[in-house]
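Asker: Pasting the sequence and the predicted model now:
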Amino acid sequence: MNGDTSMRALLVPPGDGELIDVAGVEHLFRLTSAQTGGRFGFEEFTLGPGTVGARPHVHHAHDEFFYVLDGELTLHDGSGEVTAGPGSLLAALRGAPHGFRNAGDAPARGLCLYTPAGYEDYFRQVHAAVASGAEVDDEMLNEFRGRFNTTPHRTA
């Protein structure tokens, strides 16, 4: 232990955080880069039935971990799609193609963890663009993803 007493535990009460609604996905960022010194980002997300969370893509500068709480997510794991229910965990390490959607008829809820933090800025920027009248399409999303070292993954 280094004896540093300047760090304090951070309690985030239920429902608190920064809510960003992007293309039908509610992202509730419970911990952001600003709160963790860039170490870690943590969000709860909800997808309605038939909602695409993200088409297959690859992050080159951060890792993502998806944990399913309720409902089912259809996850792209780099080799195809799998259906994941509550308790399932997908680790999308840097360079690993991944994507997710809700192919079911009930809402799906999960957790997403980012390390290092900062990808929440991608969602802020997309949300701001949509609020200013931009239409969400692959071209627009790819432009914003490129700002965060993320590229589309083409499936066969």
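Answerer: Yep, that arrived. What you are looking at is a predicted structure, and each value in this text was computed from that prediction instead of being measured.

Asker: all strands for this protein, in order.
Answerer: Here the chain has its strands, by DSSP state E, at 18-22, 25-31, 41-47, 52-59, 63-70, 73-76, 81-84, 89-92, 98-101, 108-115, 150-152.

Asker: for the nearest residue to residue 61 once chain neighbours are set aside, what are its contacts?
Answerer: Distances taken as C-beta to C-beta, 6 or more residues apart in numbering place residue 149 nearest to residue 61, at 3.8 Å, with adjacent residues excluded. For glycine as for every other residue, the C-beta is placed from the backbone atoms N, C-alpha and C. Residue 149 is in contact with 59, 60, 61, 62, counting by C-beta atoms under 8 Å, 6 or more residues apart in numbering.

Asker: The top helix by length along the chain: which residues count as buried?
Answerer: Assignment by DSSP state H gives helix 120-131 as the longest helix of the chain. Residues of helix 120-131 classed as buried under the neighbour-count rule (16 or more other C-beta atoms under 10 Å) are 120, 122, 123, 124, 125, 126, 127, 129.

Asker: Could you do stretch 54-62 as well?
Answerer: Within stretch 54-62, the residues that count as buried by 16+ other C-beta under 10 Å are 54, 55, 56, 57, 58, 59, 62.

Asker: just stretch 73-92 next, same as before
Answerer: Neighbour-count burial for stretch 73-92, counted by 16+ other C-beta under 10 Å, picks out 73, 74, 75, 76, 77, 81, 84, 88, 90, 92.

Asker: Kindly report the same for stretch 145-156.
Answerer: 145, 148, 150, 152.
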